[in-house]
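In: Here's my sequence, what's the structure:
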Amino acid sequence: MNEGTLPEKYLGVPLISGKVTKAALTPLIDKIRTRASGWAGKMLSFQGRVVLARHVLNSIHVHNMAIYKWPKAVVKECETIIRNFIWSGNPAERKAITVSWEKSCKPTEEGGLGIRRLKDINLSMLMKQAWILLTEEGDWPEFMRGKYINRTGGWSNYKTSTVWTGIKWALNEMAPLHGWNVGNGEAINIWRENWLLQKPICDFFQEERKEILKYQARLSECIQGDRWAFSIEMTQVLHHLGIDISKLPQPDSSKEDSRVWMASTTGKFIVVAAHEAIRTKAPQPAWSEFIWSSKVLPRTQGIVWKLAHGVARTNNQLQKRKTHLASRCCLCRNQEETLDHVLFHCPFAKRVWKYAQQIFHIQREMESFSDVR
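Out: Numbering: from 1, shown residues only. Coordinates of the predicted model:
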């Protein structure tokens, strides 16, 4: 066995000493850029590039993201490469008229392209490591708990580690997403664990929090047999939080406490469920089901999706980007050239819609995209 030096690769992941920097992840950035550049000039449709971005470019980094928390600069650069490839076919060329990246990175049923944000992927993958740390037994979780749990039972903030920064971030973000099935109460710290509400009891008492965290009281101290036995002081605390003790489900002291992932119907941690829980949601537009129907050709889906978001090189859009030209519809030559006018209000467009209504027996008038469904 030869002695190596850091940085070195192990199972495809670079081993880094110290803080994870952009320089350490540059080879991975270059790999994404090279892969995208290799498809340039292949006459791919917009929807074809979306599929490649969704299933290839958005997956190259997953293994690395399960280990390290990526710097914001790296996330931004990789998303820029993916965005440019989707819109222009060239990772180095930015197109002027696009849909915002925030809207694009939504599920198709919410009006997006089904592309996942890299930050959300990174966090959900690190949550898996954090969940293993919280729930499993074994050499790695026991070592990490022994190293990073401080004297008061909390997680250390001051210890530096290449991987701990990401796991600590995941632990903080996932705190409201998991809870406990109370058994004998021996594994649950009354003050630190969210066994009762979506956050620990100590978080409701910010002024006294530092003093409260010194106590190592276990929930088992409040259980006698299969019934609650709260002290007068604890009863007052619960009353202050608006908790009706008589309505609490009774513990089962014959069983051990078990941690549950509340964002999943099974109570088990799943990366997909974690990603769904942390991503920003959006309302479903009326046209999304129509656009992504299996009856619509993929190339057409991409075109109609862009039109639904108002992305077209109409004269009024070019004027907004400081291109000086007269905005006049090239068909009727009477009105300003806007997307709504070209598709719905122009006399020529109305004739097309009238013809389509006769062929397909459509009863309603077409005045906007909300009518196309």
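In: just for this structure, where's the confidence low?
Out: Residue ranges of the chain with pLDDT under 70: 1, 4, 6-7, 158-159, 207-215, 319, 321-322, 369-373.
In: Quick one: classify residue 85 as helix, strand or coil.
Out: helix (DSSP: H, G, I helix; E, B strand; the rest coil).
In: tell me which element the closest residue to it other than its chain neighbours is part of?
Out: Leaving aside its sequence neighbours, residue 85 sits nearest to residue 36 (C-beta to C-beta, 6 or more residues apart in numbering; 4.3 Å). In this view, the C-beta of every residue, glycine as well, is placed from N, C-alpha and C. Following DSSP states H and E, one finds residue 36 within helix 22-38.
In: which secondary structure elements does that helix contact?
Out: The contact analysis (3 or more C-beta pairs under 8 Å, 6 or more residues apart in numbering; DSSP states H and E) places helix 22-38 against strand 13-15, helix 72-88.
In: the strands in the stretch 101-250 of the chain, which residues?
Out: Applying DSSP state E, counting those that start in this stretch to the stretch 101-250 of the chain gives strands spanning 178-181, 223-224, 227-228.
In: Kindly state the domain boundaries assigned to this protein.
Out: Per automatic domain parsing, the domain ranges recorded for the chain read 8-96, 150-273, 312-371.
In: Export the ones you listed to TSV and append columns for mean neighbour count and distance to residue 139.
Out: Below are these laid out as TSV (neighbours: other C-beta atoms under 10 Å; distance: least, C-beta to C-beta, whole Å):
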stretch	mean neighbour count	distance to residue 139
domain 8-96	16	17
domain 150-273	15	15
domain 312-371	14	57
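In: among these, which is nearest residue 108?
Out: domain 8-96 (9.9 Å; C-beta to C-beta).
In: picking that back up, output the helices and strands packed on helix 22-38 as CSV; include the columns distance to residue 121.
Out: Putting the helices and strands packed on helix 22-38 into CSV (distance: least, C-beta to C-beta, whole Å) gives the following:
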stretch, distance to residue 121
strand 13-15, 15
helix 72-88, 9
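In: and of these, who's closest to residue 23?
Out: With C-beta to C-beta, the closest approach to residue 23 among the helices and strands packed on helix 22-38 belongs to helix 72-88: 9.9 Å.
In: Of all the strands of the stretch 101-250 of the chain, which one comes closest to residue 368?
Out: strand 178-181 (43.8 Å).
In: Now do that closest one: which elements does it pack against?
Out: Under the contact criterion of 3+ C-beta pairs under 8 Å, 6+ apart, strand 178-181 touches strand 258-261.
In: Please name whichever of the strands of the stretch 101-250 of the chain is nearest to residue 284.
Out: Closest to residue 284 of these, according to C-beta to C-beta: strand 178-181, at 27.9 Å.
In: sorry, back to before: please convert the strands of the stretch 101-250 of the chain to CSV, extending it with distance to residue 17.
Out: Listed next are the strands of the stretch 101-250 of the chain as CSV, based on distance: least, C-beta to C-beta, whole Å:
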stretch, distance to residue 17
strand 178-181, 32
strand 223-224, 47
strand 227-228, 50
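In: can you tell which of those is closest to residue 96?
Out: Shortest distance between residue 96 and these, using C-beta to C-beta, is found for strand 178-181: 44.5 Å.
In: so the helix holding residue 36 versus helix 72-88, what angle?
Out: On the basis of axes from the mean of the first three to the mean of the last three C-alpha atoms, to 10 degrees, helix 22-38 is oriented at 10 degrees to helix 72-88.
In: After helix 22-38, heading C-terminal, what element do we hit next?
Out: With DSSP H and E, the next secondary element past helix 22-38 is helix 46-52.
In: Can I get that next one in CSV? Just the C-alpha atoms.
Out: Extracted in CSV, the C-alpha atoms of helix 46-52 (Å, rounded to 0.1, in the frame of the first residue of the first chain):
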residue,chain,number,x,y,z
PHE,A,46,-35.4,22.6,-26.3
GLN,A,47,-37.3,19.6,-24.7
GLY,A,48,-34.4,17.3,-25.7
ARG,A,49,-31.9,19.5,-23.8
VAL,A,50,-34.3,19.6,-20.8
VAL,A,51,-34.3,15.8,-20.6
LEU,A,52,-30.5,15.7,-20.8
